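Trainee: Predicted structure and sequence below. I'll ask about it afterward.
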Amino acid sequence: MRVSGSSRWMVMAAVTVVYVLSGKLGLHFASVHASATAVWPPTGIALAALLLLGPRAWPAVAIGAFVVNATTAGSVATSVAIAVGNTLEALIGARLVERRAGGPRAFDRPRDVFAFAGAVLPGAAVTASIGTATLALAGYAARGDSAMIWLTWALGDVAGALLVAPPILLWATAERQPWRPGLARAAETGALLCTVIVIGGVIWEGVAPVSVRQYPLAFVAIPPLLWVAYRFGRHAAAGGLLALAAIAVHGTLRGLGPFAAVPLHHSLLVLQAFMGTMALMILVVASLAWSRARETSLLQTIIDRIPVMITMYQPDTRVLRLNHEFTRVTGWSAEEARRIDLMERCYPDPAYRARVRAYMDSLADGWRDLVMTTRTGERVETACWNTATAHPVN
């Protein structure tokens, strides 16, 4: 996404405002130091902004980072230094994602998802090092606390990148498609929403009985998120992860959930490590499902353009797919064909159907003349070419 002129400056101003608001929210959860938090959404916002707007949008990040820090703690000098670190983090991350992970399309392939996760690590280390060193040298943090501040800073930034940047990038680069509502789809969507809310409430909001609240129940969140990734795609998976992370942070701050048994700053670190790991796993599954759906759609498009009838069967003769020409000639659509025994309908005579099935099972080469019965009962003469994976009829 590229914008120019006054629109570009408006978008950059909006990025700065959102960065500041999310930064103030993140620092509200700071426990080890006022300038270091395990919950840091601005990293994802800044990374997504530079990937979508280009590296020249860095002033929006720099100004936002300076305002957040200048209005929180430290001096003007420390705020400038920390803002430099935050800006470098976004620039380094965006550069590496562009070079190694496909840029804004980083979630199209599983290997790019892993590359995206790796690309955010160097920037997080750089900004955490600059920020921690700045606070220590300026006397705003004890040197003995430097290790915990650095770990909190870096982990918060990595989690912010993995949880916040994906939904922004996915929705910003989404191709517009017509919405096809359906009762079954709506019911499944409602069931999914309720499941995520219930799971989040049980694990992190004290809904579970007191006797089991401290049990390690976080793994229970995995199945519904996998369901989201497989059935509803990358956009819903990224959104579901972000929503669950918000529920988990809220509950952990209240002293609830499986990570609340340790001091707050430790519990938030463990939670963010868990959510970051979950994000990587779920986004990989979502990209696998999306890649498979894309390849399936491409295959269907290809066979639909072939001007001969094509049917693809499983070994038990259940239909895998048909093309448009098959539907035009026989009247059977792919959806109808999957609900019936298409072999029985197309070859109603048992003896004749047995010979056709024997020919298909033999995988014999060459053309074979056949007589097929259409959906309306009409008989048409065809010739069939047998293959190991499909049975095209023309």
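Mentor: Thanks, I have it. Not measured: the values here are computed from a predicted model. Numbers count the residues shown, from 1 in each chain.

Trainee: okay, and the helix or strand of the chain with the least pLDDT?
Mentor: strand 391-392 (a mean of 42; mean pLDDT, DSSP states H and E).

Trainee: Which parts of the stretch 101-250 of the chain are helices?
Mentor: Secondary structure of the stretch 101-250 of the chain (DSSP state H, counting those that start in this stretch): helices at 110-137, 146-172, 183-204, 222-253.

Trainee: which secondary structure elements does the helix or strand encompassing Arg355 contact?
Mentor: If you go by DSSP states H and E, Arg355 is part of helix 350-362. Contacts defined by 3 or more CB pairs under 8 Å, 6 or more residues apart in numbering; DSSP states H and E place helix 350-362 against helix 342-346, strand 367-373. For the C-beta atoms, the positions are set from N, CA and C on the backbone; glycine is no exception.

Trainee: Out of those, flag the one nearest Glu205.
Mentor: Among the helices and strands packed on helix 350-362, helix 342-346 comes nearest to Glu205, with 50.1 Å by CB to CB.

Trainee: Count the residues that sit near Pro263.
Mentor: Neighbour count of Pro263, defined by other CB atoms under 10 Å: 11.

Trainee: Ok, Thr311 next?
Mentor: Thr311, neighbours per other CB under 10 Å, totals 24.

Trainee: 48 is where my numbering starts, stick with that
Mentor: In the new count, where the first residue is 48, that last one comes out as Thr358.

Trainee: Quick check: which element contains it?
Mentor: Going by DSSP H and E, Thr358 is part of strand 357-360.

Trainee: could you check the angle helix 269-300 makes with the longest helix anywhere in the chain?
Mentor: When every helix of the chain is counted residue by residue (DSSP state H), the longest turns out to be helix 311-351. In terms of direction (axes from the mean of the first three to the mean of the last three CA atoms, to 10 degrees), helix 311-351 departs from helix 269-300 by 150 degrees.

Trainee: Doesn't Thr429 belong to a helix?
Mentor: No. Applying DSSP: H, G, I helix; E, B strand; the rest coil, one finds Thr429 to be strand, outside a helix.

Trainee: What residues are bridge-paired with it?
Mentor: Leu417 (DSSP bridges).

Trainee: So it is in contact with Thr420, correct?
Mentor: No. In this structure, Thr429 is not within contact of Thr420 by CB atoms under 8 Å, at 10.8 Å.

Trainee: Poorly predicted segments of the protein, please.
Mentor: By pLDDT under 70, the low-scoring segments of the chain are 48-53, 222-230, 232, 258-261, 362-364, 410-412, 433-441.

Trainee: Leu367: which element?
Mentor: strand 366-369.

Trainee: chain center to the helix or strand just after that strand: distance?
Mentor: Sequence order places helix 371-377 as the next helix or strand after strand 366-369, per DSSP H and E. Relative to the centre of its chain, helix 371-377 is centred 37 Å away, using CA atoms, centre = their mean, to the nearest Å.

Trainee: list the helices and strands helix 371-377 packs on?
Mentor: Packing partners of helix 371-377 (3+ CB pairs under 8 Å, 6+ apart): strand 357-360.

Trainee: List the pairing partners of the strand it packs on within its sheet, with orientation.
Mentor: When DSSP bridges is applied, strand 357-360 pairs with strand 366-369 (antiparallel), strand 438-439 (antiparallel).

Trainee: CA atoms only for stretch 133-144, dumped as PDB, please.
Mentor: What follows is stretch 133-144, C-alpha atoms only, in PDB (Å, rounded to 0.1, in the frame of the first residue of the first chain):
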ATOM      1  CA  ASN A 133      12.300   2.000  18.700                       C
ATOM      2  CA  THR A 134      12.700   3.600  15.200                       C
ATOM      3  CA  LEU A 135      15.800   1.400  14.400                       C
ATOM      4  CA  GLU A 136      13.800  -1.600  15.500                       C
ATOM      5  CA  ALA A 137      11.000  -0.900  13.100                       C
ATOM      6  CA  LEU A 138      13.400  -0.100  10.200                       C
ATOM      7  CA  ILE A 139      15.500  -3.200  10.800                       C
ATOM      8  CA  GLY A 140      12.500  -5.500  11.200                       C
ATOM      9  CA  ALA A 141      10.800  -4.000   8.000                       C
ATOM     10  CA  ARG A 142      14.000  -4.400   6.000                       C
ATOM     11  CA  LEU A 143      14.500  -8.000   7.100                       C
ATOM     12  CA  VAL A 144      10.900  -8.900   6.500                       C
END
